[in-house]
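Visitor: task: produce atomic coordinates for the following.
(one chain, ligands or ions: 1)
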Amino acid sequence: MIYLDNAATTRTAPEVVEAMLPYFSEYYGNAGSIYGLGSQSKKAVINARKTIAETLGAQPNEIYFTAGGTESDNWAIKAVYESCQDRGRHIITTKIEHHAVLHTCKYLEGRGARITYLDVDENGLVNLEQMERAIRPDTILISVMYANNEIGTIEPIGPIGEIAKEHGVLFHTDAVQAYGHLPIAVEQMHIDFLSASGHKFNGPKGVGFLYVNSKTRLGSFIHGGQQERGRRAGTENMPGIVGIAVAAERAAAYMDEHAAVESRMRDYLIHCIEGKIPGARLTGHRTMRLPGHVSFCFEGIQGESALIMLDMQGICASSGSACTTGDPGPSHVLLAAGVPEELARGSIRLTLSEENTMEELDMVVESLAGIVEKLRLLR
Ligand code: PLP
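Guide: Residues are numbered from 1 along each chain as shown. Prediction:
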């Protein structure tokens, strides 16, 4: 098998699994219990919070564990909307956000929110002047993703944070694809809320976190017990929390090394596809893109058909976002980046990890070239 779908999910690192295992059967105490077994778990949560905070230049009390990126996005946006209604109901986001953000905004529109969905250019980049012009006296939140899951484009998060701060508007970034892969400093970037998800950086699935700047007020999301300082109730997912912290530490330690390896392979793969497959169009920004992210549209084919044929050859890839699999329409991200509808149907995303090899990439290019040719003949 050749796994090229690391934007969908990553392999849980062996050291992460090893750290998690005792929390199933040995240290199984509830972090809320007062006896020793419980305090063991409590200590692990405290350490995990500290570890994650350090990777962001944040304070431990600014980290809240959640069940993943989707929950973190929902929490930040819904809670800001609820707690800032005295100031306004206007939220600015972009047309290329993940559905965890877009569908949350749509839901809030049904409850009186006014949402501006910013355009992006052909590379998937937001326009800072357009963003600044969109700010109104009733704007309460700007939510822009750090890096796009479908086309890999990295947005100018620092300058966006600067604009938000100048105008006294809160700033949320969905960093699910960026965290663990790109450096993040929440204070310097003026980020008020940041969503991340364990399974995107070799951690476990079903656990994530939301960074909340302690200077902001953010209401509770899940009501119940006192866990996560009463803001996100529910017995802690101990193996998950321990696992995500080990994964975060590992990702931070190897970030530069992995990024160097992945971006070299990424550029090689882009070069080979462009050289060997006619009618291939790179989507997203050529250089301002995630280290391991390659995405193309191929003229005259359906991406889904190519994926099935790649799978038959043992290659795991995707047509864009795993969350939209089964949705027959072309991707909202590609359409927003101006890709014609017909061409957008032929999209394929290949996302690498440091475990891939150049030999694998050569095999993938050869397979893909044959598949694209075959599909075009069948038209
Ligand atoms: N945001 C982005 C940019 C993503 O890529 C994803 C997952 O693909 C999510 C949010 C959702 O994260 P999770 O799978 O942890 O709910």
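Visitor: give me the domain ranges for the chain.
Guide: 2-8+255-377, 14-251 (automatic domain parsing).
Visitor: of the ones you listed, which is nearest the ligand?
Guide: domain 14-251 (2.6 Å; CB to the nearest ligand atom). Quick note: C-beta positions are derived from backbone N, CA and C, even for glycine.
Visitor: quick check: mean pLDDT of that closest one?
Guide: Domain 14-251 carries an average pLDDT of 97.
Visitor: between the two ends of that domain, how far is it?
Guide: 13 Å (CA to CA, to the nearest Å).
Visitor: got it, and stretch 61-77?
Guide: OK, stretch 61-77 end separation, CA to CA: 20 Å.
Visitor: buried residues in that stretch, which are they?
Guide: 62-77 (16 or more other CB atoms under 10 Å).
Visitor: in strands only, show me these.
Guide: Ile63, Tyr64, Phe65, Thr66 (DSSP state E).
Visitor: can you put the domains of the chain in JSON lines and add distance to the ligand?
Guide: Conversion of these to JSON lines gives the following (distance: least, CB to the nearest ligand atom, whole Å):
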{"stretch": "domain 2-8+255-377", "distance to the ligand": "6"}
{"stretch": "domain 14-251", "distance to the ligand": "3"}
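Visitor: what helices or strands is the helix or strand harbouring His271 leaning on?
Guide: Using DSSP states H and E, His271 sits within helix 238-276. Judged by 3 or more CB pairs under 8 Å, 6 or more residues apart in numbering; DSSP states H and E, helix 238-276 is in contact with helix 14-20, helix 22-25, helix 36-56, strand 63-66, strand 280-282, strand 293-298, helix 358-377.
Visitor: by contact count, what packs against the fifth one?
Guide: Same thing as strand 280-282. Using 3+ CB pairs under 8 Å, 6+ apart: strand 280-282 touches helix 238-276, strand 293-298.
Visitor: any idea of the angle the shortest one forms with helix 358-377?
Guide: When you say that, I think you mean strand 293-298. Orientation of strand 293-298 against helix 358-377 (axes from the mean of the first three to the mean of the last three CA atoms, to 10 degrees) gives an angle of 20 degrees.
Visitor: and strand 293-298, C-alpha only, in PDB?
Guide: Extracted C-alpha coordinates of strand 293-298, given in PDB (Å, rounded to 0.1, in the frame of the first residue of the first chain):
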ATOM      1  CA  HIS A 293       0.400  18.800   0.000                       C
ATOM      2  CA  VAL A 294      -0.100  18.100  -3.700                       C
ATOM      3  CA  SER A 295      -3.400  18.800  -5.500                       C
ATOM      4  CA  PHE A 296      -4.300  18.700  -9.100                       C
ATOM      5  CA  CYS A 297      -7.200  18.900 -11.500                       C
ATOM      6  CA  PHE A 298      -7.000  16.700 -14.600                       C
END
